[in-house]
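Structure of the sequence below:
(one chain, ligands or ions: 1)
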Amino acid sequence: MRGECPKCKVNYIPEPGFYFGAMYVSYALGVVVFVTIWAGANWFFTDVSVWTQIIILTILIILLSPLIFALSKIIYANIFIHFDKNTSNRVEKDD
Ligand SMILES: [Zn+2]
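Residues are numbered from 1 along each chain as shown. The predicted structure follows:
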């Protein structure tokens, strides 16, 4: 991960351990994936056993974990790091 934006020089790591908070976002995304797949499986395939659902969900959560990891950090960064138009313009003129 980059330390700062190459264009506007916004600091992507404001403090050590900043992205630990992203695990709450990751948890929320995991719940969304879980509920969506579980509800979909029960809605469209009514005779799927509980163990089949658990296996499918476990495999999907493992396969989607790199995506959930990246998305949670992106969402968390967008909550707390804001684009500063003035800083951006100043830096772009210096280039
Ligand atoms: Zn930028």
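
Can you pull the residues of the protein lying near the ion?
Applying CB under 5 Å from the ion, we find that the chain lies next to the ion at 5, 7, 8. Where C-beta positions appear, they are placed from N, C-alpha and C, glycine not excepted.

Remind me which helix or strand residue 34 belongs to.
helix 22-44 (DSSP states H and E).

pLDDT averaged over that helix - what is it?
Mean per-residue pLDDT for helix 22-44: 91.

Name the residues of it that come out as buried.
22, 25, 26, 29, 30, 33, 37 (16 or more other CB atoms under 10 Å).

what's the distance between the fourth one and the ion?
Separation of residue 29 from the ion (CB to the ion, to the nearest Å): 24 Å.

OK, contacts around that residue?
Residues counted as contacts of residue 29 (CB atoms under 8 Å, 6 or more residues apart in numbering) are 68, 71, 72, 75.

Can you turn the buried part of the residues you listed into a ChimeraX selection?
Burial among the contacts of residue 29 is assessed by 16+ other CB under 10 Å; the matching ChimeraX selection reads:
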select :68,72
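
between the contacts of residue 29, which is nearest the ion?
residue 75 (16.9 Å; CB to the ion).

quick one, what contacts that closest one?
Counting by CB under 8 Å, 6+ apart, residue 75 makes contact with 22, 25, 29.

Kindly indicate which of the residues you listed lies nearest residue 51.
residue 29 (24.4 Å; CB to CB).

got any ranges where this protein has weak pLDDT?
84, 87-95 (pLDDT under 70).
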